[in-house]
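J.: Quick check, what structure comes out for this input:
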Amino acid sequence: MAINHISEKAKIGDNVQIWHFTYVGDNVEIGDNVKIGSLAHIDYDVKIGENTKIEGQAYIPPLSRIGKNVFIGPAAVLTNDPYPMCDKMVGVTIEDNAIVGARAVIKAGVRIGKNSVVAMGAIVTRDVPENSVVMGSPASIRYSREEYDKKRKQWIES
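T.: Next up is the predicted model:
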């Protein structure tokens, strides 16, 4: 039997799937058709837009804002304290249609622009412009989302 902790103060949309051993905190709002993988931690006061997928072991800290149609890969970590241990926190914002790869780490206060891609393992320390692909440590822009989509299509068709 799966044991989840889902706060009674959370607002969960229709057709939401929350897998085993997942935590969902107070005042979380989850849109329709969202999937959250096993062992994910969605802390308090988080908003997640519809049709978003958050893979297992991801950490989504308080005050995070995640748009619609977003993908967050396994074990990705968002942060909310730029100067630990501080009582003043700021969340990460991930805009619509963005992709965050596995084990990426995103600094508190950073905004990931619409249609952007954060590569797996990237360390994101500053805002990512719309339609950009960033990778590395620290993450830097490597190419456009248009080029990413072409590479993805070639991969699928090969």
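J.: Going by C-alpha atoms from here, please, whenever you check contacts or count neighbours.
T.: OK.
J.: what are the bridge partners for V128, then?
T.: Residues in a beta bridge with V128, per DSSP bridges, are I112.
J.: Roughly how far does it sit from G56?
T.: To G56, V128 is 24 Å away according to C-alpha to C-alpha, to the nearest Å.
J.: Kindly report the same for H41.
T.: In terms of C-alpha to C-alpha, H41 sits 9 Å off from G56.
J.: what do you get for Q154?
T.: The value you get for Q154 to G56, if C-alpha to C-alpha is used, is 27 Å.
J.: Looking at the two, which is more packed in?
T.: In this view Q154 and G56 are compared by other C-alpha atoms under 10 Å, and G56 has more residues nearby, 24 against 10.
J.: OK, contacts around the more buried one?
T.: 36-40, 73-75 (C-alpha atoms under 8 Å, 6 or more residues apart in numbering).
J.: Save those residues as TSV, and put in secondary structure too.
T.: As requested, these are arranged in TSV below (DSSP: H, G, I helix; E, B strand; the rest coil):
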residue	secondary structure
I36	strand
G37	coil
S38	coil
L39	coil
A40	coil
G73	coil
P74	coil
A75	coil
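J.: Kindly present those as TSV, with separate columns for neighbour count, distance to K11 and pLDDT.
T.: Below are the contacts of G56 laid out as TSV (neighbours: other C-alpha atoms under 10 Å; distance: C-alpha to C-alpha, whole Å; pLDDT from 0 to 100):
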residue	neighbour count	distance to K11	pLDDT
I36	24	14	98
G37	20	18	96
S38	20	19	96
L39	20	19	96
A40	25	17	97
G73	23	23	98
P74	22	23	98
A75	21	24	98
